[in-house]
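Enquirer: any chance you can model this:
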Amino acid sequence: MAGIELQKRTIFSTRKRENLELKFEQAYQASKKEATHHSENVAQIIQAAVAVMVRNAFYVGDFSYLSKNLIRKLFLDGEVPASVRHLCIYFEDYFTPEEWSTIISHLYKDEKEYSQLTEEARSHIAPLRPALTSGVQTGERKLNLKASFLDGNNKMHSWSLSNVVTCLTTKERIDLLNIFGELTIFQKDGLRQFTEVVWMYFAVDERLRDFDTRDEKDPFHKPKETVQNQPENASINKQSAEKSVSNDRDEEKTIDDQPTTSVQPPVNQSKQTSQSKKKTGKTPTDHMPSMKNLTASGKKQKKEKDLKIEKVLRKGSGKKKNRKRNRRK
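Expert: Model prediction:
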């Protein structure tokens, strides 16, 4: 997209509604200046609006009907390309029945074609619509949602969303996150980052996952059909990079919880024999005559002196001074 691009960080991390709406408007105005890619840029704006609706379903704040006037203009003026016409069903609540009929005529041949091509998707989205358009939500506490998706190469890709609440059922959360699989704007090096959700948990306790489609005991288990098996001889670096994705519940521990072990080298006996006999801090025992009467630092203890005896000995050993006395003659 030319000019201002609606990136993943902008869509999921912008806290204030008015700031995010401003980003959408700036992206549209920048797109109009480059007419050659305008249709492609409008398609990205529509996809970004759907992504915001998914965020709104989990988020504590109100991002419902974001940039409603801009979205209405794009559809009513016929600027939405056919490449994203299947996403129009997410915005039906933005229009009156008469306006909706006009939009259908822009995107499809007739009402019959629209009904046939979108019947399954509409039935799938119907129970999710209240969450997609919900306002401010409250919960016991604000949580962090963390999930893992398969990317375009069937490799795991992690994603997180802060300040969420747990007001939905597990089935609703799976269906909402799988909406990302219909969007193509989230790519890295030309590779789609979201194709299908695998597991999700709330950050209060990551060892308690809400669901894991790889677990056979999980009611939402999905057999591996298209997932490519990873090579058994993968390097240790790749395994450490993907350690956030565990094979089962028993391996779901954080890095801080994992015990660390160190391999101690074998004792070198030759070094032991060459060591000094007097070892610092060695406690003397009856079996070690050479170590008797030593202090903890390996020095001999000083004998306590009897001051009286020392004084007597000193007097006895001392020589008397020859004093010349004046004799009277």
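Enquirer: how about the strands of the protein, start to end?
Expert: With DSSP state E, the ranges of strands along the chain come out as 143-150, 156-164, 187-188, 191-192, 196-202, 209-212.
Enquirer: can you put the ones you listed in CSV and add mean neighbour count, distance to residue 45 and mean pLDDT?
Expert: Placement of C-beta: from N, CA and C, glycine included. Putting the strands of the chain into CSV (neighbours: other CB atoms under 10 Å; distance: least, CB to CB, whole Å; pLDDT from 0 to 100) gives the following:
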stretch, mean neighbour count, distance to residue 45, mean pLDDT
strand 143-150, 20, 22, 93
strand 156-164, 16, 21, 92
strand 187-188, 12, 16, 88
strand 191-192, 16, 18, 90
strand 196-202, 20, 24, 93
strand 209-212, 20, 31, 76
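Enquirer: turn the ones you listed into a markdown table, including distance to residue 109.
Expert: Below are those laid out as a markdown table (distance: least, CB to CB, whole Å):
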| stretch | distance to residue 109 |
| --- | --- |
| strand 143-150 | 34 |
| strand 156-164 | 37 |
| strand 187-188 | 31 |
| strand 191-192 | 29 |
| strand 196-202 | 31 |
| strand 209-212 | 40 |
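Enquirer: which strands or helices does the helix ranked longest in the chain pack on?
Expert: Ordering each helix of the chain by length in residues (DSSP state H) puts helix 38-58 first. Secondary-structure packing of helix 38-58 (3 or more CB pairs under 8 Å, 6 or more residues apart in numbering; DSSP states H and E): helix 8-13, helix 17-32, helix 68-76, helix 129-132, strand 156-164, helix 170-177.
Enquirer: run the last query once more with 6 Å
Expert: Using 3 or more CB pairs under 6 Å, 6 or more residues apart in numbering; DSSP states H and E as the contact test, the elements touching helix 38-58 are helix 8-13, helix 129-132.
Enquirer: distance to residue 215 and mean pLDDT added to those, as a markdown table?
Expert: Shown next, in a markdown table, are these (distance: least, CB to CB, whole Å; pLDDT from 0 to 100):
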| stretch | distance to residue 215 | mean pLDDT |
| --- | --- | --- |
| helix 8-13 | 27 | 93 |
| helix 129-132 | 25 | 95 |
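Enquirer: burial measure for residue 35, as a count.
Expert: 8 (other CB atoms under 10 Å).
Enquirer: and it, how far is that from residue 42?
Expert: Residue 35 sits 11 Å away from residue 42, taking CB to CB, to the nearest Å as the criterion.
Enquirer: pLDDT below threshold where in the stretch 51-200 of the chain?
Expert: The model of the stretch 51-200 of the chain has pLDDT under 70 over residues 140.
Enquirer: okay, now the closest residue to residue 197 other than its chain neighbours: neighbour count?
Expert: Leaving out its chain neighbours, the residue that sits closest to residue 197 by CB to CB, 6 or more residues apart in numbering is residue 177, at 4.1 Å. A total of 23 residues lie near residue 177 under the criterion other CB under 10 Å.
Enquirer: what's the domain layout of this structure?
Expert: By the assignment in automatic domain parsing, the chain contains the domains 8-132, 138-222.
Enquirer: so who does residue 58 touch?
Expert: Shown in contact with residue 58 (CB atoms under 6 Å, 6 or more residues apart in numbering): 145, 164.
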